[in-house]
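Enquirer: Pasting a predicted model and its sequence here:
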Amino acid sequence: MRIGVLHVSVSIPASHSLKDKRSVIRSLKDRITNTMNVSVAEVGKQDYWKSADLAFVTVAARGDVVEKRLSEIRKRLLANPHVVTLDIETELL
């Protein structure tokens, strides 16, 4: 069994309130979790309305499957026009 964690720090330039931030983050989380076998949580900066820290976690029997999923999440985050990706860290367990 392999576990992969993708920790991401993002900026949300168009956000002007916590409500705006939640809308962007919810949309991002829903799009990724509905199409991929991953879990996601906001793990930091909950009180800031211009930024967020997210953690994506996936589990699979083979390491290459985990790496492929995390790579796809990375691509989707970098292509999302509503957030600016500041930092991405990958951890395989």
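Expert: Perfect, I can see it now.

Enquirer: rest of the way, CA atoms for contacts and neighbours
Expert: Will do.

Enquirer: where's I73, which helix or strand?
Expert: With elements taken from DSSP states H and E, the one containing I73 is helix 63-79.

Enquirer: Partner strands of the helix or strand following that helix, with direction?
Expert: Next helix or strand after helix 63-79 toward the C-terminus (DSSP H and E): strand 84-92. With DSSP bridges as the criterion, the sheet partners recorded for strand 84-92 are strand 2-11 (antiparallel).

Enquirer: sorry, back to before: got the angle between the helix holding I73 and strand 84-92?
Expert: Computed by axes from the mean of the first three to the mean of the last three Cα atoms, to 10 degrees, the angle separating helix 63-79 from strand 84-92 equals 170 degrees.

Enquirer: Would you mark the buried spots in helix 63-79?
Expert: For helix 63-79, a neighbour-count test (16 or more other Cα atoms under 10 Å) marks V66, E67, R69, L70, I73, R74, L77 as buried.

Enquirer: Now that helix - C-alpha only, CSV.
Expert: Only the C-alpha atoms of helix 63-79 are listed here, as CSV (Å, rounded to 0.1, in the frame of the first residue of the first chain):
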residue,chain,number,x,y,z
GLY,A,63,3.3,3.7,-6.1
ASP,A,64,3.0,4.6,-9.7
VAL,A,65,-0.8,5.0,-9.4
VAL,A,66,-0.3,7.4,-6.5
GLU,A,67,2.3,9.4,-8.3
LYS,A,68,0.1,9.6,-11.4
ARG,A,69,-2.9,10.9,-9.3
LEU,A,70,-0.7,13.5,-7.5
SER,A,71,0.8,14.6,-10.9
GLU,A,72,-2.7,15.1,-12.3
ILE,A,73,-3.8,17.2,-9.3
ARG,A,74,-0.7,19.3,-9.7
LYS,A,75,-1.6,19.9,-13.4
ARG,A,76,-5.2,20.9,-12.5
LEU,A,77,-4.1,23.3,-9.8
LEU,A,78,-1.5,25.0,-12.1
ALA,A,79,-4.2,25.3,-14.9
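
Enquirer: And the average pLDDT for it is what?
Expert: For helix 63-79, the mean per-residue pLDDT is 96.

Enquirer: got a list of contacts for that helix?
Expert: With Cα atoms under 8 Å, 6 or more residues apart in numbering as the contact definition, helix 63-79 has outside contacts at 1-6, 32, 36, 58-60, 83-85, 88, 90.
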